[in-house]
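Participant: coords below, sequence missing:
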């Protein structure tokens, strides 16, 4: 069933946060310094970024982005630092405290669900944690990604391709076909080439070329 209401999106966001918190409950020591799939950030930093995303509403986001000179990287780094605890355990506790919040900079809740799912994978994969998103959540994010460029150029990346999930009711576009798990499609459209080897079809070659640019 398509996800259409605000309440449905918030429940998926909260469920994704809870799952990530549960998956990280036993992470200790040097594991928090494991480099994620998200640039130079390690596990703790990505988690702090997700906490910031859960706590910054519209007006604070606007003040922050203006104050950063409209440089998203500066904005993200400042908000991330706010949510780092004195220890990784403190950072983790702040994230758990944020699970039930219903705060977002805009009404684009599919994008913020994507933030939790994609950054959750950014953390999990290097740690060897295998926890695919729910079918409803993954499908909702994929539907959004092929319709808009928002925090990632996902629509541009998918343009002219026929995308088909092998484990979820997602299909979009016409052109050279790309098939694979919904998680791999989602992560690839979010710019993570580490998932390309899970995709097949003539369009997968085109995706690889696009991500390498």
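Facilitator: Perfect, I can see it now. Everything numeric in this text was worked out from a predicted model, so none of it was measured.
Participant: every contact and neighbour count from this point should use C-alpha atoms.
Facilitator: OK.
Participant: please, where are all the strands along this protein?
Facilitator: 162-165, 171-172, 177-180 (DSSP state E).
Participant: which helices and strands does the second one pack with?
Facilitator: With contacts defined as 3 or more CA pairs under 8 Å, 6 or more residues apart in numbering; DSSP states H and E, strand 171-172 has these neighbours: strand 162-165.
Participant: what does the strand it packs on rub up against?
Facilitator: Outside strand 162-165, the residues that touch it by CA atoms under 8 Å, 6 or more residues apart in numbering are 170-182, 185, 203.
Participant: out of the residues you listed, who's the most crowded?
Facilitator: residue 182 (28 neighbours; other CA atoms under 10 Å).
Participant: tell me the domain ranges of this structure?
Facilitator: For the chain, the TED database gives the domain ranges 6-127, 137-212.
Participant: residue 150: neighbour count?
Facilitator: Residue 150 has 12 neighbours, counted by other CA under 10 Å.
Participant: hang on, it packs against residue 111?
Facilitator: Yes. Judged on CA atoms under 8 Å, residue 150 makes contact with residue 111 at a distance of 7.2 Å.
Participant: show me what the helix or strand of the chain with the lowest mean pLDDT is in contact with.
Facilitator: One helix or strand of the chain scores below all others by mean pLDDT, DSSP states H and E: helix 58-67, with a mean of 85. Here helix 58-67 makes contact (CA under 8 Å, 6+ apart) with 71-72, 75, 104-106.
Participant: before we move on, what about stretch 32-46?
Facilitator: By CA under 8 Å, 6+ apart, stretch 32-46 touches 31, 80, 84, 88, 91-92, 119, 121-123, 125-127, 192.
Participant: do the same with stretch 85-97
Facilitator: Contacts with stretch 85-97, where a contact means CA under 8 Å, 6+ apart, come from 17-18, 21, 32, 44, 47-48, 50-51, 83-84.
Participant: please state the mean pLDDT value computed over stretch 169-177.
Facilitator: The average of the pLDDT scores along stretch 169-177 is 97.
Participant: the nearest residue to residue 167 once chain neighbours are set aside: what's it in contact with?
Facilitator: Leaving aside its chain neighbours, residue 167 sits nearest to residue 181 (5.6 Å; criterion: CA to CA, 6 or more residues apart in numbering). Contacts for residue 181 (CA under 8 Å, 6+ apart) come out as 165-168, 198-199.
Participant: out of the contacts of helix 58-67, who's nearest residue 138?
Facilitator: residue 104 (19.3 Å; CA to CA).
Participant: residue 47 versus the closest residue to the closest one other than its chain neighbours, what's the distance?
Facilitator: Spatial nearest neighbour of residue 104, chain neighbours left out: residue 57 (5.0 Å); criterion: CA to CA, 6+ apart. For residue 57, the distance to residue 47 (CA to CA, to the nearest Å) stands at 18 Å.
Participant: what of residue 95?
Facilitator: Distance, residue 95 to residue 47, using CA to CA: 7 Å.
Participant: quick check, residue 157 in contact with residue 189.
Facilitator: Yes. The pair residue 157 / residue 189 is scored as a contact, 6.3 Å apart, by CA under 8 Å.
Participant: quick revisit: tell me the one of the contacts of stretch 32-46 nearest residue 6?
Facilitator: Once CA to CA is applied, the member of these that ends up nearest residue 6 is residue 119, at 21.4 Å.
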